[in-house]
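# Okay, structure incoming, though there's no sequence with it:
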């Protein structure tokens, strides 16, 4: 049966230089069924999937059912089965109308599969397209699922996917006292690993209880390494619609811990920022409207003033220079009229450390802030390199 839940509109890349930016020979692991079908034959299978779990014009579920794999359940992360739910929106359990399979939400209060959830499966297969940023919650879902499998003696297989932000490592490293679902491990904002590499690190460093005992297998991508850039074929979530947004996301998402809009409800989410209080201080203006994936955006129907980071991927990459940048956040803080209202309680959870907020409010320069996390980045890279499956960008 044709399985058509994923978006039919392809992920639009806002650049006229796509062929120069991207290596079209790169393929995610699920594109080569011969490498993993034998691992699933004769087993009861659970899938951790959403609209990104595609093999050409098919979803992984379609392919496995066609190949007579015994798929028993579907588990879904934040944004739901179709990837259309707002960030933070409640996603309920359901039944897939096309196959009759139970769909279990792993977002909200039910983040980790229970023993009951997985009692009738032998293996959980993870196939989600991540964007390589610590607070993007798919890796948190993966960690919870790995823990459930370890506790219940189930196998865990990662069908690896390229990391579109895998060509650098940068940003403050999370401190242990700030762990949450938007940051479960002490890694930088941009950690430069695929999901498979990250899973290997979680197990190898025993970063969650019992992971040392986990039966983990990672099926590798084809023709990928950390020097290459990969063009996502499907939007990984409702407000990362373009490669420009994927690249700007690590730097702009910190605005989610402030009263500043990141353009939800506009044609350029995560490619701009602004608020009504910036009138006369920035050149860009926009009016957020309710839309799919942004049903009640900040400053809905109000004129916001701010800045566009870039209208296409090439422009954003040129401004970033393979770095996590703070200049937009600092300039917004300096322009905001009520300084003690700028940071919300969520800001520290996103950046993973209270130090960054203190540095910005104290007027520390971006260069000095970057220097303050240099040693933490160096230490993380020493751990990271033990688990890489692909050539690193620094070689």
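Cool, got the structure. Bear in mind the structure is a predicted one, so any value in this text is a computation, not a measurement. Numbering: from 1, shown residues only.
# How is the residue of the chain most remote from its centre classified with respect to secondary structure?
Seen from the C-alpha centroid of the chain, the residue lying at the greatest distance (C-alpha atoms, centre = their mean) is residue 280, 34.1 Å away. The three-state label given to residue 280 by DSSP: H, G, I helix; E, B strand; the rest coil is coil.
# how much space between the closest residue to it other than its chain neighbours and residue 281?
With C-beta to C-beta, 6 or more residues apart in numbering as the criterion, residue 280 has its nearest non-adjacent residue at 7.3 Å, and that residue is residue 305. Heads up, the C-betas are built off the backbone N, CA and C, glycines and all. Here the criterion is C-beta to C-beta, to the nearest Å. By it, residue 305 lies 7 Å from residue 281.
# again, but for residue 394
According to C-beta to C-beta, residue 394 stands 39 Å off from residue 281.
# Between these two, tell me which one has more neighbours.
Shown here are residue 394 and residue 281; by other C-beta atoms under 10 Å, residue 281 has more neighbours (17 against 11).
# who's in contact with the more buried one?
305, 335 (C-beta atoms under 8 Å, 6 or more residues apart in numbering).
# run the last query once more with 10 Å
274-275, 305-307, 331-332, 334-337 (C-beta atoms under 10 Å, 6 or more residues apart in numbering).
# Filter those residues down to the buried ones and hand me the PyMOL line.
The PyMOL selection below is limited to those of those classed as buried (16 or more other C-beta atoms under 10 Å):
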select buried, resi 274+275+305+306+307+332+335+336
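# Determine which two of the contacts of residue 281 are furthest apart.
Using C-beta to C-beta, these reach their maximum pairwise distance at 307 and 337, which is 16.9 Å.
# shaky segments in the protein?
Scanning the chain for pLDDT under 70 picks out the ranges 1-19, 79-92.
# now residue 29: how far from residue 125?
10 Å.
# As CSV, the contacts of residue 281 with secondary structure and distance to residue 51 would be great.
Formatted as CSV, those follow (DSSP: H, G, I helix; E, B strand; the rest coil; distance: C-beta to C-beta, whole Å):
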residue, secondary structure, distance to residue 51
274, strand, 29
275, strand, 31
305, strand, 34
306, strand, 29
307, strand, 30
331, helix, 35
332, helix, 32
334, helix, 39
335, helix, 37
336, coil, 36
337, coil, 40
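# ok, of the contacts of residue 281, which one's closest to residue 142?
Of all these, residue 332 has the smallest distance to residue 142: 32.1 Å, by C-beta to C-beta.
# mind listing what the nearest residue to that closest one once chain neighbours are set aside touches?
Distance criterion C-beta to C-beta, 6+ apart; nearest residue to residue 332, sequence neighbours excluded, is residue 260 at 5.5 Å. For residue 260, the contact set (C-beta under 10 Å, 6+ apart) comprises 252, 254, 273-275, 277-278, 298-299, 304, 306, 328-329, 332-333, 335-336, 342.
# Helix or strand: which one has residue 250?
Assigned by DSSP states H and E, residue 250 belongs to helix 243-252.
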